[in-house]
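Engineer: When you get a sec, could you give me coordinates for this:
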Amino acid sequence: MKNFLTKFLAYNREMLAKSSSHNLDPHYRSSVWMRAAIPARSKAVEHGWMGGHPNLPDPFQWPSRGGQPYQFLCQINCAFLPRDLWGGLGPRTGWLAIFAARTGQIDVKVIYAPALGSDRHNDNAWSKASSSLGHMDDKFDQFLGPPPKWQLEFVDAVKDATCVPDSLRQRPSANGPFRVAVPENQPFEWTTFELLVSEAFKAAKERTVRFAETVREWEARLKQPSEDLTNILNEMIAVSDQLLAALHASGTIQPFSRESWLTHRSLVSRIKLLDDEFLLHDGRGFESVVNTPQIARINNQGLLRTPLAQSPLFLPDSAQGRAHADLMRLATDLERDLRADVRIPPPPIHQHSPNTARWKEYRESFPQDWQNYANRVLNIRKLYGSLLIENAVTIAPVMQEQLGLLLPETLDKALNRVEYGRKWAVDQLAKMQNINLDEKIKQIDVARQKTQ
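Structural biologist: Model (predicted):
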């Protein structure tokens, strides 16, 4: 081993000396790829395998980190490594067994063995906690384990490619029709195959429902924007202009500071409330707009508490503490009523879907109920905005990142913030007035075809 390390270091010093010209010797190759061997090779010419279990002699200790065993990836026959790989350095007899930890980072252990030994097993390496199936249903528990063993073979790396391209991948049906009767084309065991088929059907059905919802959403977007939306955007632009003028005027009287921004709290609060009104009239759900978790965070409560403050920011018997408690009560009462109302649209199928179409249908079917709920939502958001800005100096140092409450410290930053919001409103108006119906209809047709 000492002689090998001496040769290895000497060779690398030589390569580093030549690296400035980027003209390495033609006999030197830094990498080689491996792919599934189809058909499988005989044991006598086995290049290696992936999956299954490592085959290593004694003494052997399964590699681990922090008590969690690594997972076995593959084992390689050094006798079949290309002669010019690493300039001929490295072992050319024996086997390399490669293990990896599921840490989300590159964490690999390589064990060299001069000869094969016996199969090594470690069931803990494939427990649910260390598997990518940890979040799945318990029905997968019986399948947790190493993937089936499959033979590998070496192929030359392609310049400027980072992995084996499709042109070098082999498939069982590459040279003829795929025949299920051929043993190599059959599943390793039928129970797993049946589960995979059932999951594939389940996934296909879910995708069908998502495509149908996409069609519904896009069709809703084809409708002419409501007059309420247009009025809200126009008011946002007008209030932004007022705030810009006020900021310019105050900047000429005194040096700008955080307190200067807060002197315009009425205009700032009105813009924030108009944002919420826009979301409601654009088809956003009531619970999404009222955002109870955000209201809880203003007093460092809920699941997303900041470690900088281990207790509520407001004392329970203070005016701010009582105001926040009343605000939380209003929000939770609204959530309770919404969840008890069977006419309210269900949560979207996809986590990030706005469910716009269903909410617009609800508003058209029950306009008075929608308005009553919307009034409650906007009242809560108005009280939230008032509590937030009136106590911004107290809240900002601790909660500014969680709440987006970055008080502008200079006049330029304040002006940029207002101008950015104004531009957004102008862009939204332009989009509403210049809808490309032909393009939207094409997208809907494509989604319908995918659904079918």
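Engineer: Can you list the residue ranges for strands in the stretch 201-350 of the chain?
Structural biologist: Read by DSSP state E, counting those that start in this stretch, the stretch 201-350 of the chain holds no strands at all.
Engineer: Quick one: distance of the longest helix along the chain to the chain centre.
Structural biologist: When the chain is parsed with DSSP state H, its longest helix is helix 190-221. Distance of helix 190-221 from the chain centroid (CA atoms, centre = their mean, to the nearest Å) equals 20 Å.
Engineer: again, but for stretch 311-318
Structural biologist: 35 Å.
Engineer: For the stretch 201-350 of the chain, just list every one of the helices.
Structural biologist: 227-253, 258-262, 265-281, 286-290, 292-297, 319-340 (DSSP state H, counting those that start in this stretch).
Engineer: With respect to residue 60, which of these lies nearest?
Structural biologist: helix 292-297 (50.4 Å; CB to CB). In this view, the C-beta of every residue, glycine as well, is placed from N, C-alpha and C.
Engineer: Tell me where the model's unsure across the stretch 151-300 of the chain.
Structural biologist: 160-176, 178, 184-189, 251-254 (pLDDT under 70).
Engineer: Can you give the domain ranges for this protein?
Structural biologist: 2-173, 223-434 (automatic domain parsing).
Engineer: In terms of mean pLDDT, which of the ones you listed ranks lowest?
Structural biologist: With a mean of 75, domain 2-173 has the lowest mean pLDDT of the domains of the chain.
Engineer: roughly how far is stretch 89-100 from the heart of the chain?
Structural biologist: Distance, centroid of stretch 89-100 to centroid of chain: 36 Å (CA atoms, centre = their mean).
Engineer: Contacts for it, please.
Structural biologist: 4, 7-8, 11, 48, 54-56, 62-63, 70-79, 81, 107-116 (CB atoms under 8 Å, 6 or more residues apart in numbering).
Engineer: Sitting in strands, which of these do you find?
Structural biologist: 48, 55-56, 71-77, 108-113 (DSSP state E).
Engineer: Narrow the residues you listed to just the buried residues.
Structural biologist: For these, a neighbour count by 16 or more other CB atoms under 10 Å gives the buried set as 48, 55, 56, 71, 72, 73, 74, 75, 76, 77, 111, 113.
Engineer: Nearest to residue 287 among these?
Structural biologist: Closest to residue 287, out of all of those and judged by CB to CB, is residue 71, at 41.1 Å.
Engineer: Distance of the nearest residue to residue 116 once chain neighbours are set aside relative to residue 121?
Structural biologist: Nearest residue to residue 116, sequence neighbours excluded (CB to CB, 6 or more residues apart in numbering): residue 55, at 4.9 Å. Between residue 55 and residue 121 the computed distance is 11 Å (CB to CB, to the nearest Å).
Engineer: before we move on, what about residue 78?
Structural biologist: For residue 78 relative to residue 121 (CB to CB), the value is 24 Å.
Engineer: more neighbours, the two?
Structural biologist: Per other CB atoms under 10 Å, whichever of residue 78 and residue 121 has more neighbours is residue 78, with 17 against 14.
Engineer: Can you tell me how far the more buried one is from residue 86?
Structural biologist: 11 Å.
Engineer: One more: residue 356?
Structural biologist: Residue 356 sits 58 Å away from residue 86, taking CB to CB as the criterion.
Engineer: Equivalent analysis for residue 412, please.
Structural biologist: Counting by CB to CB, the gap from residue 412 to residue 86 is 56 Å.
Engineer: Which one's more surrounded, these two?
Structural biologist: residue 86 (17 against 11).
Engineer: Wait, the more buried one touches residue 30, no?
Structural biologist: Yes. Proximity of residue 86 to residue 30 meets the contact threshold set by CB atoms under 8 Å, at 7.0 Å.
Engineer: Which neighbours do these two have in common?
Structural biologist: Counting by CB under 8 Å, 6+ apart, nothing touches both residue 86 and residue 30.
Engineer: And the helices in the stretch 351-452 of the chain?
Structural biologist: Going by DSSP H, counting those that start in this stretch, the stretch 351-452 of the chain shows helices at 356-365, 367-390, 392-403, 411-433, 437-451.
Engineer: Tell me which of those helices lies nearest to residue 259.
Structural biologist: Nearest of the helices of the stretch 351-452 of the chain (CB to CB): helix 392-403, 7.9 Å.
Engineer: ok, residue 70 touching residue 110?
Structural biologist: No. Counting by CB under 8 Å, residue 70 stays clear of residue 110, with 10.6 Å between them.
Engineer: Residue 34 belongs to a strand?
Structural biologist: Yes. Residue 34: assigned to a strand according to DSSP: H, G, I helix; E, B strand; the rest coil.
Engineer: Check whether the closest residue to it other than its chain neighbours sits in a helix, strand or coil.
Structural biologist: Leaving aside its sequence neighbours, residue 34 sits nearest to residue 152 (CB to CB, 6+ apart; 4.5 Å). With three-state DSSP as the basis, residue 152 sits in strand.
Engineer: how about residue 152, what does it touch?
Structural biologist: 34, 35, 36, 37, 47, 48, 49, 50, 74, 76.
Engineer: at 10 Å what do you get?
Structural biologist: Residues in contact with residue 152 (CB atoms under 10 Å, 6 or more residues apart in numbering) are 33-37, 41, 46-51, 74-77, 80.
Engineer: distance of it from residue 49?
Structural biologist: 6 Å.
Engineer: intersection of neighbour lists for the two?
Structural biologist: With CB under 10 Å, 6+ apart, residue 152 and residue 49 have common neighbours 34, 36, 37, 41, 74, 75, 76, 77.
Engineer: hmm, back to that, closest to residue 366 among the buried ones among the ones in strands among the contacts of stretch 89-100?
Structural biologist: For those, the nearest to residue 366 is residue 71 (54.2 Å; CB to CB).
Engineer: how near is the residue nearest to the closest one when sequence neighbours are not counted to residue 97?
Structural biologist: Once flanking residues are discounted, residue 71 sits nearest to residue 125: 4.9 Å by CB to CB, 6+ apart. Computed as CB to CB, the residue 125 to residue 97 distance reads 13 Å.
Engineer: shared neighbours of these two, anything?
Structural biologist: 63, 72.
Engineer: one step back: could you identify the most distant pair in the buried ones among the ones in strands among the contacts of stretch 89-100?
Structural biologist: Top of the distance list for these (CB to CB): 71 and 77, 20.6 Å.
Engineer: Skip the chain neighbours and tell me the closest residue to residue 393.
Structural biologist: Closest to residue 393 by CB to CB, 6+ apart is residue 258, at 7.1 Å.
Engineer: and the one you found, how far is that from residue 90?
Structural biologist: On the measure of CB to CB, residue 258 and residue 90 end up 62 Å apart.
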